[in-house]
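Participant: need a structure here:
(chains A, B, C and D)
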Number of protein chains: 2
Amino acid sequence: MELYAERGFDATTVADIAERAGLTERTFFRHFADKREVLFSGGEVLQQAVVDGITAVDPGATSIEAAVRGLETATADFFAPAVRPHSRARQRIIDAHPELQERELIKMARLARAIAEALRERGVAEPSATLTAETAVVIFRVSFDRWVADGDVSTFGALLRESLDGLRSVAAA
Amino acid sequence: MELYAERGFDATTVADIAERAGLTERTFFRHFADKREVLFSGGEVLQQAVVDGITAVDPGATSIEAAVRGLETATADFFAPAVRPHSRARQRIIDAHPELQERELIKMARLARAIAEALRERGVAEPSATLTAETAVVIFRVSFDRWVADGDVSTFGALLRESLDGLRSVAAA
DNA sequence: ATGGTGATGACAGCTACTGACATCGATCGG
DNA sequence: CCGATCGATGTCAGTAGCTGTCATCACCAT
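Facilitator: Residues are numbered from 1 along each chain as shown, chains lettered A, B, ... in the order given. This next block holds a predicted model:
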């Protein structure tokens, strides 16, 4: 991430990264599937936390409530105020490179699938499960954008709530 | 697409494609940004059609109604029953290759941004415009999946309506 | 000490993609 | 009717991402 920030994603070769890390280029590719993956390696952990959060929600909750509550508990650990500068730096790099956005998007798609599966475990039928999961991910993304943005100082959980409310009024219209 | 279907995306080189097309490898890259783009080249046309459709909707309509109506008019031209076999073949290739899914996802993201812009033109404020646009794209994707799936024989417009209803009940919960 | 295992290095190779320059055909002004 | 121009293509060389294969080495268990 240092190198990507310093000279840009395209301008840094895998050889550069390997050198700074004191390793071989080959070894880099044994740890990361490709050059982009470096920025996304922690993703499965968050995904698992969200899934765990959803299954922990009281069974009486509606599907969208369960999904958002799962996001709330998971993001409370991952998106503490202290990590905001790091997240912001990371996001600046991603936003500047379409290839990285592609990777980010597929991670989100996987998150949606995992959420849908967790909802089905709770007894939510299709197509509600998928629809709810996709909606939850939209809420997550909108919230994340606002959380990373400079001006906003709300907590992630509060932003999730606001986004959910916003979406409810949009859908009700 | 012939070659991708015959021997798989990974197993076909650009040299193969160029040869079958009777052209040079270099010429291929002058027409398509990269190897994946071949499968997505028509995307901007659909996007423009959706945007045009949205701006044509009567100004009194709500934002989500305008977005879905825009999708309806655009998809009526692009997703006629006759093109279903082609769409299905294309989708089979994409579904088998994560790299292609990445590209598809970023196209969807661009579509969402274009829809949001069209909604803002209609006077919809943020964050409603973005939220509505993302929601509309979810509806589009769910509908497209069902339209491409074997069993279903509904028209695309009907599927859009059903998905919108489904999402409304999810969000209302 | 021996053998197994997991991480790394070394090296060769393929292919996606790019830049630079030459060629060629069509078109258009004189 | 000729030459200039322009757009599309061919040619060639080069870079870099990524992979397969084999050797090495540290560590651990028996």
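
Participant: okay but residue A:2 is in contact with residue A:17, surely?
Facilitator: No - if you go by CB atoms under 8 Å, residue A:2 and residue A:17 don't touch, sitting 9.2 Å apart. Every residue, glycine included, has its C-beta placed from N, CA and C.

Participant: So between these two, which is more surrounded?
Facilitator: residue A:17 (19 against 10; other CB atoms under 10 Å in any protein chain shown).

Participant: And that one, how far from DNA strand C?
Facilitator: For residue A:17, the distance to DNA strand C equals 12 Å [CB to the nearest atom of the strand, to the nearest Å].

Participant: element containing residue A:92, please.
Facilitator: helix A:84-95 (DSSP states H and E).

Participant: can that helix be found next to chain B?
Facilitator: No - residues of helix A:84-95 are not located near chain B by CB under 8 Å from any CB of the partner chain, the shortest gap being 11.9 Å.

Participant: helices or strands next to that helix in the packing?
Facilitator: With contacts defined as 3 or more CB pairs under 8 Å, 6 or more residues apart in numbering or on different chains; DSSP states H and E, helix A:84-95 has these neighbours: helix A:2-7, helix A:98-121, helix A:128-148.

Participant: Spell out which parts of chain A neighbour DNA strand C.
Facilitator: A:22-24, A:26-27, A:30-31 (CB under 7 Å from any atom of the strand).

Participant: from the residues you listed, which two are the most distant?
Facilitator: Farthest pair in those (CB to CB) is A:22 and A:30. Separation: 14.8 Å.

Participant: would you turn the residues of chain A next to DNA strand C into TSV with neighbour count?
Facilitator: Listed next are these as TSV, based on neighbours: other CB atoms under 10 Å in any protein chain shown:
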residue	neighbour count
A:22	7
A:23	13
A:24	12
A:26	9
A:27	12
A:30	9
A:31	11
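
Participant: Residue A:47 is in contact with residue A:108, isn't it?
Facilitator: No - contact criterion CB under 8 Å: residue A:47 and residue A:108 do not qualify, at 10.0 Å.

Participant: burial measure for residue A:132, as a count.
Facilitator: Using other CB under 10 Å, residue A:132 is surrounded by 27 other residues.

Participant: One more: residue A:94?
Facilitator: Using other CB under 10 Å: residue A:94 sits among 19 other residues.

Participant: contacting residues around it?
Facilitator: With contact set as CB atoms under 8 Å, 6 or more residues apart in numbering or on different chains, residue A:94 has these partners: A:39, A:100-101, A:104.
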